[in-house]
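K.L.:
sequence plus the predicted model coming up.
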Amino acid sequence: MADKTLICKDCGKEFIFTEGEQEFYKEKGFDNEPKRCLECRRERKQQKNRDRNY
């Protein structure tokens, strides 16, 4: 397995899906690669948390 370059579906930036992250996803049984970069994943998570608090 090698690092993969993916494109974030929210911001359009390239990000690296490292070999270590791929192993983690495989161990957890995740079938799909991430669709968002780390920054967009964090922002989305914060937005969901803000929405829950209202």
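P.N.:
Looks like it arrived, so ask away. Everything numeric in this text was worked out from a predicted model, so none of it was measured.

K.L.:
just list whatever residues bridge to residue 5.
P.N.:
Counting by DSSP bridges, residue 5 forms beta bridges with residue 16.

K.L.:
tell me the contacts of it?
P.N.:
If you count contacts by CB atoms under 8 Å, 6 or more residues apart in numbering, residue 5 has them with 14, 15, 16, 17. For glycine as for every other residue, the C-beta is placed from the backbone atoms N, C-alpha and C.

K.L.:
closest one to residue 48 out of these, please.
P.N.:
Nearest to residue 48 among the contacts of residue 5, counting by CB to CB, is residue 15 at 20.2 Å.

K.L.:
output stretch 19-30 as PDB, nothing but the C-alphas.
P.N.:
Output of stretch 19-30 as PDB, limited to C-alpha atoms (Å, rounded to 0.1, in the frame of the first residue of the first chain):
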ATOM      1  CA  GLU A  19      -0.500   4.400   4.200                       C
ATOM      2  CA  GLY A  20      -1.000   4.500   8.000                       C
ATOM      3  CA  GLU A  21      -4.400   6.000   7.600                       C
ATOM      4  CA  GLN A  22      -5.300   3.400   5.000                       C
ATOM      5  CA  GLU A  23      -4.300   0.700   7.500                       C
ATOM      6  CA  PHE A  24      -6.400   2.300  10.200                       C
ATOM      7  CA  TYR A  25      -9.500   2.500   7.900                       C
ATOM      8  CA  LYS A  26      -8.900  -1.200   7.000                       C
ATOM      9  CA  GLU A  27      -8.700  -2.300  10.600                       C
ATOM     10  CA  LYS A  28     -11.900  -0.400  11.500                       C
ATOM     11  CA  GLY A  29     -13.700  -2.000   8.600                       C
ATOM     12  CA  PHE A  30     -14.300   1.200   6.700                       C
END
